[in-house]
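**Student:** Here is a sequence with its predicted model. Questions after.
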Amino acid sequence: MDSFRVVLLGAGFARTVQAVAFARHPGFRIVALAGASAEKTARAARELGIPRASTDWRRLLDEESPDLASVATPVDLHHPMAMAALEAGAHVLCEKPTALHRFQAAEIRDRALARERVALVREGAIGTPRRGEILGRYAIWHRPESRGMTWLSERRRGGGILGALGSHHTDCLRLFFGEPRSVLATVRVLQPRRGPTPELPQAGMATADDACTLHYDFADGATGLVDLNATTPYRWERFEIQGSDAALRWDETGYRLWRIAPGREPEEIATPEALRLAPRAGEPALVAPFEVMVERMYRALKGERPMEPSFDEAVAVQSALDAARASSDSGARVAVEIPARATAAVRPG
């Protein structure tokens, strides 16, 4: 096979980031783009040189028989799109959060395993990791006029900061500490009014969260904190992993990583050249890291390496987010329960 045929499901993030990265890789060929608006989707396809555009994503999957379907739509569409793509014999790349809840995510995982499809992280520098803290401040919904009413403000459609960014940060803590056992969480709407804006004249009241605080417990006694607020008048993030000997800290002030140990001046840790993913001029910052993932996916589809993260990771993260919502609703700490793989989904031989 000279190249893998790709259908992009979604004309937002898929158009601005994914299409650029896939188009640059010689191992992929975008054959179709699906979107909600016929006019906007057709215009995007023309601009990107994609031969086919449609609002009927099911028809595209049936008629194009893609090798890979990339799902980047509102969250409530992830499950039906991923399941249909897998049924059509395609591999699946699915945006986070994978689904509305862990049981939908588990269905996608099990279908992928049953059809044998793939889907899309230590050196002891701090001793034994004990605690991780991730703080995020974003001006997304600082004022009503900051952003209009979209699906991202609707809980029933999978919107909210918990799924949009809390999924990333929960997965980051899993990298250092493994699966969380339980979570005590507060998930809230602090600034409910949305819009109107010149670009999005529709106004409304948000039902999806714009702030969340998650306190995780892990099996080995470590703890984790994810604290996100998307209503602040500024943007800032900080990541810190604290260990028995030292801590590692990174924040957006200068984008520098530090090792902090008792009795010593903070030591700057040089970023390896391979991780310096600076964006090209005029491009969204996420294109560069997405290009790295596209290359990894290509090698996985060629059978040269396993694909990570897989839908197993997706189900684990979704289970943690479900537990966080349940904890916030009940006011109590809730166990994180990851659905087991379906027996019928085990690979043969």
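**Tutor:** In hand now; what should we look at?
**Student:** any idea which residue of the chain is furthest from its center?
**Tutor:** With distances taken from the mean C-alpha point of the chain and given as C-alpha atoms, centre = their mean, the most distant residue is G263, at 38.3 Å.
**Student:** Would it be right to say that that residue lies in a helix?
**Tutor:** No. With DSSP: H, G, I helix; E, B strand; the rest coil as the criterion, G263 is located in coil rather than a helix.
**Student:** heads up, I number from 628, so please use that
**Tutor:** Happy to do that; since the first residue is 628 now, the last one works out to G890.
**Student:** For it, give its distance to A873.
**Tutor:** Applying C-beta to C-beta, to the nearest Å, one obtains 11 Å for the distance of G890 from A873. Yep, even glycine has a C-beta here, placed from its N, CA and C like the rest.
**Student:** Show me where the stretch 728-877 of the chain has its strands.
**Tutor:** Counting by DSSP state E, counting those that start in this stretch, one finds strands in the stretch 728-877 of the chain at the ranges 756-764, 807-815, 820-821, 831-832, 838-845, 850-856, 863-870, 874-878.
**Student:** Please work out the average pLDDT along the fifth one.
**Tutor:** Along strand 838-845, the predicted confidence averages to a pLDDT of 99.
**Student:** counting contacts, what elements does that strand pack onto?
**Tutor:** helix 794-804, strand 807-815, strand 850-856, helix 938-957 (3 or more C-beta pairs under 8 Å, 6 or more residues apart in numbering; DSSP states H and E).
**Student:** out of those, which comes closest to E674?
**Tutor:** Distances from E674 to each of the helices and strands packed on strand 838-845 were compared using C-beta to C-beta; the shortest belongs to helix 794-804, at 28.7 Å.
**Student:** and that closest one, how far out from the chain's middle?
**Tutor:** The chain centroid and the centroid of helix 794-804 are separated by 11 Å under C-alpha atoms, centre = their mean, to the nearest Å.
**Student:** can you redo the strands of the stretch 728-877 of the chain as a markdown table with mean neighbour count and distance to A648?
**Tutor:** Supplementary listing: the strands of the stretch 728-877 of the chain in a markdown table, determined by neighbours: other C-beta atoms under 10 Å; distance: least, C-beta to C-beta, whole Å:
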| stretch | mean neighbour count | distance to A648 |
| --- | --- | --- |
| strand 756-764 | 20 | 24 |
| strand 807-815 | 20 | 31 |
| strand 820-821 | 20 | 30 |
| strand 831-832 | 14 | 33 |
| strand 838-845 | 22 | 29 |
| strand 850-856 | 21 | 26 |
| strand 863-870 | 18 | 23 |
| strand 874-878 | 18 | 24 |
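**Student:** Now the ones you listed in a markdown table, please, with extra columns for distance to E666.
**Tutor:** As requested, those are arranged in a markdown table below (distance: least, C-beta to C-beta, whole Å):
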| stretch | distance to E666 |
| --- | --- |
| strand 756-764 | 35 |
| strand 807-815 | 36 |
| strand 820-821 | 24 |
| strand 831-832 | 23 |
| strand 838-845 | 36 |
| strand 850-856 | 35 |
| strand 863-870 | 36 |
| strand 874-878 | 42 |
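**Student:** For A717, find the nearest of the ones you listed.
**Tutor:** strand 807-815 (31.7 Å).
**Student:** The closest one vs strand 850-856, what angle?
**Tutor:** 20 degrees (axes from the mean of the first three to the mean of the last three C-alpha atoms, to 10 degrees).
**Student:** Tally up the residues packed near V919, please.
**Tutor:** Taking other C-beta atoms under 10 Å as the neighbour definition, V919 ends up with a count of 13.
**Student:** list the helices and strands the one helix or strand it maps to packs on?
**Tutor:** Of the helices and strands defined by DSSP states H and E, V919 is found in helix 914-928. The contact analysis (3+ C-beta pairs under 8 Å, 6+ apart) places helix 914-928 against helix 646-651.
**Student:** which is the next helix or strand following the helix it packs on?
**Tutor:** Under the assignment DSSP H and E, the closest C-terminal helix or strand after helix 646-651 is strand 655-661.
**Student:** Can I take it that R632 is in a strand?
**Tutor:** Yes. Counting by three-state DSSP, one finds R632 located in a strand.
**Student:** ok, now which ones touch it?
**Tutor:** R632 makes contact with R656, V658, E691, S692, P693, D694, L695, according to C-beta atoms under 8 Å, 6 or more residues apart in numbering.
**Student:** Emit the PyMOL select command for whichever of those are buried.
**Tutor:** Only the buried members of the contacts of R632 enter the following PyMOL selection, criterion being 16 or more other C-beta atoms under 10 Å:
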select buried, resi 656+658+691+693+694+695
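**Student:** can you put the contacts of R632 in JSON lines and add pLDDT?
**Tutor:** Rendered in JSON lines, the data for those read as follows (pLDDT from 0 to 100):
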{"residue": "R656", "pLDDT": "98"}
{"residue": "V658", "pLDDT": "98"}
{"residue": "E691", "pLDDT": "97"}
{"residue": "S692", "pLDDT": "95"}
{"residue": "P693", "pLDDT": "98"}
{"residue": "D694", "pLDDT": "97"}
{"residue": "L695", "pLDDT": "97"}
